[in-house]
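Asks: model the structure of this input:
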Amino acid sequence: MHVSLVNKSVNIAPSTDIRVNPYTSLTPDVVLDALADIGLMGDGRLTALSSYENRVYQIHLETERTPSQTNGTPIPNSVVAKFYRPGRWTDAQIQEEHDFAAELVAAEVPVVPPLNLQGQTLHHKAFELQGERETSHAESFKGFAYSVSERRGGRPPELDDAEVLEWIGRFLARIHTVGSAKSFHNRPTLSIDTFMQEPRDWLFANKAIPMEVERAWQDAWQQAMDVMHAAGLGSAHGSDWPHFQMLRLHGDCHPGNILWTPADLPGGGPHFVDLDDARMGPAVQDLWMLLSGDRKQRSGQLSMLLDGYEQVRDFDRRELALIEPLRTLRLVHYSAWLARRWDDPIFPINFPWFGTPDYWRGQVQMLEEQIEQMQEPLLVV
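Replies: Next up, the predicted model:
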């Protein structure tokens, strides 16, 4: 049964039932057994890494029992295992992510791909559910899809450095060159329907917005939709992004998904992690989340990104008109994402401010600001 987030303040605990929170069953033993199933023997050292949507662990391996990848490449002594959230992606969608990563590596783009072990990159850990957990919902949960990758270190990029931004811009252009070679067939397209309309419908169907704020939020949401439609965006015009090329994207290219190593080290510079949100969309989706500060600062940052980008690939300047609509979509989608995941205990722990009337009033204010931003002149680059 869904518990309204309005009641969050009365300390209703998130569920630990596998029927609504399958990660309850992902114990350290299950993680280590999953790696053992594909020939990787952990030495007992296992560290949970920061991840909300999936579960990600750094695992140290027994050095004397570490096999090689299918292509003969040695496996490092420390790996990262990623257990995908059940029900979010199909196997075909995950495999497209992996195949895209392999294409990028072949093009010498610095991404961290999954390792090919026993002839494949996508693996499964299955186990039986017993007792009262054997409900119709639980029966659909057979275990976890997971992958293993090399552990790569680094620090966040210094986005106030022109050289860093140009460098990132060049590599984003290379990602998009590979991404434009063909389309995803199973992974979705970034759209106003899936990032704006569908999240709104879910929030209202599940009574996730406090009653005293619901009307104000709905009004702001509708005004934002009206502005997008007036600009020729959205399904009312037959295409969410008319006149713009759709290509395979990183999809969630914010500073936390770019790791930087010193330029004087082998392989130094940026490398991109976490293609979990890869999808079809306009190129600017992978640029705008790297911008911050006031209008002048954002214009300067974008100019430096494009200085690097356009050394490799042309950029359609008309896409600058999509920056604020895309920011609005992310704002709405993010709130719905938090609400959908509230049964996962990691979310109340890490987002204790979510779901209160004050939170939603803040969202109304941000939507109103976005309505204004979407009607402002484009950034000058």
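
Asks: Three-state assignment for residue 96, please.
Replies: Recorded secondary structure, residue 96: helix (DSSP: H, G, I helix; E, B strand; the rest coil).

Asks: show the contacting residues for it.
Replies: 184, 185, 186, 187, 278 (Cβ atoms under 8 Å, 6 or more residues apart in numbering). (Each C-beta comes from the backbone N, C-alpha and C, glycine too.)

Asks: make a ChimeraX selection of the buried ones in these.
Replies: Applying 16 or more other Cβ atoms under 10 Å to the contacts of residue 96, the buried members can be selected in ChimeraX as follows:
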select :184,187,278
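
Asks: next, check the contacts of residue 96 against the strands and list the overlap.
Replies: Among those, none falls in strands (DSSP state E).

Asks: what bridges to residue 146?
Replies: Beta-bridge pairing for residue 146 (DSSP bridges): residue 83, residue 123.

Asks: re earlier: what about the contacts of residue 96, which are in helices?
Replies: Among these, none falls in helices (DSSP state H).

Asks: can you redo the contacts of residue 96 as a markdown table with pLDDT and distance to residue 225?
Replies: Output for those, formatted as a markdown table (pLDDT from 0 to 100; distance: Cβ to Cβ, whole Å):
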| residue | pLDDT | distance to residue 225 |
| --- | --- | --- |
| 184 | 98 | 26 |
| 185 | 98 | 29 |
| 186 | 98 | 28 |
| 187 | 98 | 25 |
| 278 | 98 | 26 |
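
Asks: of all the contacts of residue 96, which comes closest to residue 173?
Replies: Using Cβ to Cβ, residue 278 comes nearest to residue 173 of the contacts of residue 96, at 16.5 Å.

Asks: residue 125: neighbour count?
Replies: Using other Cβ atoms under 10 Å, residue 125 is surrounded by 19 other residues.

Asks: next one: residue 24
Replies: 15.

Asks: before we move on, what about residue 295?
Replies: Using other Cβ under 10 Å, residue 295 has 12 neighbouring residues.

Asks: for it, which residues are in contact?
Replies: So residue 295 contacts residue 379 (Cβ under 8 Å, 6+ apart).

Asks: that one and residue 323, how far apart?
Replies: Using Cβ to Cβ, to the nearest Å, residue 295 is found at 11 Å from residue 323.

Asks: hey, what's in contact with both of those two?
Replies: Residues touching both residue 295 and residue 323 (Cβ under 8 Å, 6+ apart) are residue 379.

Asks: from residue 95, how far out is residue 49?
Replies: Using Cβ to Cβ, residue 49 is found at 23 Å from residue 95.

Asks: and the two? which has more neighbours close in?
Replies: Higher neighbour count among residue 49 and residue 95: residue 95, with 17 against 13, using other Cβ under 10 Å.

Asks: quick one: contacts for that one?
Replies: 121, 122, 186.

Asks: let's see 10 Å
Replies: Under the criterion of Cβ atoms under 10 Å, 6 or more residues apart in numbering, the neighbours of residue 95 are 89, 120, 121, 122, 145, 186, 187.

Asks: so which of those residues comes closest to residue 259?
Replies: Residue 259 lies nearest to residue 121 out of the contacts of residue 95, by Cβ to Cβ, at 20.6 Å.

Asks: ok, now which ones touch the closest one?
Replies: When contacts are counted by Cβ under 10 Å, 6+ apart, residue 121 touches 69-70, 94-95, 97-99, 101-102, 113-115, 147-149.

Asks: equivalent analysis for residue 184, please.
Replies: 93, 96, 97, 99, 100, 246, 247, 248, 249, 278, 279, 280.

Asks: any idea which helix or strand in the protein has the lowest mean pLDDT?
Replies: Taking mean pLDDT, DSSP states H and E as the measure, the chain has helix 136-139 as its least confident helix or strand, at a mean of 40.

Asks: which of the contacts of residue 121 has the most neighbours?
Replies: residue 97 (27 neighbours).

Asks: quick check, it in contact with residue 145.
Replies: No - the pair residue 97 / residue 145 is not scored as a contact, 11.1 Å apart, by Cβ atoms under 10 Å.
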